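Enquirer: Below are the sequence and a predicted model; questions follow.
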Amino acid sequence: MRSLAQNWAVFKESRIGLAGLAIIVCFGVFGLMWPIMIGNLWDVHIYHPVVGFDPAMMHPAPPCRGHVLGTDPIGRDVLAQLMFSTGREFLLGVLSAVISVVVGTFVGAIAAYYGGLTDSFFMRLADIIMLFPFVPLLVVVGSLVRLDMFSFAIILGFLEAFGGITIILKAQALQVNVRPYIDAAKVAGGDDLHIIRSHIIPNVLPLSFLYMMFNVTAAILSEATLSFFGVLNIDMSWGMMIHTAETAGYLFDYGRYWWLWLPSGLAITLFCAAFYMVGRGLDEVVNPRLRKR
């Protein structure tokens, strides 16, 4: 395995990866501005993203001096909603991706190492999960259980972990399992857990990190879709901003009331694109044939 410094040197050669990383950093700074702005520069009664209201204006109000991105049909500041939701989107995407990658890597390594009934069980479970359309399945789950952002991230992470990512990581683990040093570790007396933890999983991790970036994108898009349908039990997110505009009847008058959907739509698009771009950069780290050198 290459060191972290060597992997970073390869990643830096990818312009698309660095661009995606820069966008993610910008979103991070944007989200961290929320606790600084509210209560210090913004009146919490006017700029609170959930219960804020400006009585001095008619709503929805277009962008103006007091509200740079305007207000929504309920009188809440759109910029404050974007800032407040950024941290939640990070939590959802990263938590869901970490759960899916940690569980999927471990399950894939176990299935590849033991084979037999263990392999058959996890592969059939993955086939069953992949059999159902993902978004309709989440809509059904959301209609049965009241999902907040945290519980939705956990459920989404485990569904992804036991789905397609298990099959992909198991295939990578199979290539590692036939290496000579695995047999040498067995002859030296290493137990199964030691071999899986010290030899198989470290060699699968680069591919795991690659798919973690793509899983962040899937999580954000899933949340936006379910929030638009009103399935999730959350008070504010980028998807809820679009849902509010739709329920108030302003969404399809997109030319006149563009500030109700364009900022949140761009945030979803750029955020997902940034993690996809980082994933493309990591792809060059994982796949030597894509490198320039």
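Expert: Cool, the structure landed.
Enquirer: Can you show me the helices along the stretch 101-250 of the chain?
Expert: According to DSSP state H, counting those that start in this stretch, the stretch 101-250 of the chain carries its helices in the segments 116-131, 134-144, 149-161, 164-177, 180-187, 192-195, 201-228, 238-247.
Enquirer: Out of those helices, which is closest to Val278?
Expert: helix 201-228 (5.0 Å; C-beta to C-beta). In this view, the C-beta of every residue, glycine as well, is placed from N, C-alpha and C.
Enquirer: what's that closest one packed up against?
Expert: helix 78-114, helix 134-144, helix 149-161, helix 164-177, helix 238-247, helix 262-286 (3 or more C-beta pairs under 8 Å, 6 or more residues apart in numbering; DSSP states H and E).
Enquirer: quick one: the fourth one to helix 149-161, angle?
Expert: Going back to what we said before, that points to helix 164-177. 50 degrees (axes from the mean of the first three to the mean of the last three C-alpha atoms, to 10 degrees).
Enquirer: Which residues are in contact with Ile165?
Expert: Ile165 sits next to 100-101, 104, 108, 211, 215 when contact means C-beta atoms under 8 Å, 6 or more residues apart in numbering.
Enquirer: Where among the helices and strands packed on helix 201-228 is average confidence lowest?
Expert: In terms of mean pLDDT, the lowest-scoring of those is helix 134-144 (a mean of 80).
Enquirer: now, the most widely separated pair of the contacts of Ile165?
Expert: Gly108 and Asn215 (14.1 Å).
Enquirer: And these two? Which one has more around it.
Expert: Gly108 (30 against 27; other C-beta atoms under 10 Å).
Enquirer: right, and that one touches Val204 too?
Expert: Yes. In terms of C-beta atoms under 8 Å, Gly108 counts as a neighbour of Val204; the distance is 6.9 Å.
Enquirer: Check the closest residue to Arg146 other than its chain neighbours and give its pLDDT.
Expert: The shortest distance from Arg146 to any non-neighbouring residue, by C-beta to C-beta, 6 or more residues apart in numbering, is to Asn233 (4.4 Å). What the model reports for Asn233 is a pLDDT of 82.
Enquirer: one step back: closest one of the contacts of Ile165 to Leu137?
Expert: Nearest to Leu137 among the contacts of Ile165: Ser100, at 15.1 Å, using C-beta to C-beta.
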